[in-house]
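# please find the sequence and the predicted model below.
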Amino acid sequence: MRYLVLCLLPLPAFAEDAPKKLPHAAPKAPDCYCTDKQRNRIELGESICLTVDGKSFIAQCQMSLNVPMWRKVRESCEVSAISKPTDPARHPG
């Protein structure tokens with residue numbers, strides 16, 4: 001029993017001689033983004049028109065439980081067209 005105690009006593013001395021570890025920099029946050037059908041990168045917060053099962057809608061790239069995902073924000077992708085004012089001198093009647 002005495003021999004076992006003597007063998008364990010030097011361990012703390014060796015631990016003190018071990019090189020001290022320097023604090024590591026915080027890990028870099030992963031670069032999160034969504035992709036469209038053509039695998040184009042879409043940044044968080046950007047919106048695009050998605051078509052799923054034949055239905056088109058506006059979806060925004062968002063984070064949910066640390067995972068990028070598409071969230072439906074508008075029912076359709078229809079955009080109102082604004083016609084340019086015509087010049088009556090060039091386009092009579």
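Good, I have the coordinates.

# residues near Cys34, how many?
Using other Cβ atoms under 10 Å, Cys34 has 20 neighbouring residues. To be clear about C-beta, it is placed using only N, CA and C from the backbone, and glycine gets the same treatment.

# and if you look at Trp70?
With neighbours defined by other Cβ under 10 Å, the count for Trp70 comes to 19.

# okay, and the beta partners of it?
In this entry, Trp70 is beta-bridged to Cys61, by DSSP bridges.

# what is Glu43 paired to in the beta sheet?
Those that pair with Glu43 in a beta bridge, by DSSP bridges, are Tyr33.

# I'd guessed it sits against Met63; true?
No - if you go by Cβ atoms under 8 Å, Glu43 and Met63 don't touch, sitting 11.7 Å apart.

# where does the prediction get shaky in this protein?
1-23, 29, 79-93 (pLDDT under 70).

# all strands for it, in order.
If DSSP state E is used as the criterion, the strands of the chain fall at 33-35, 41-43, 47-52, 55-64, 67-74.
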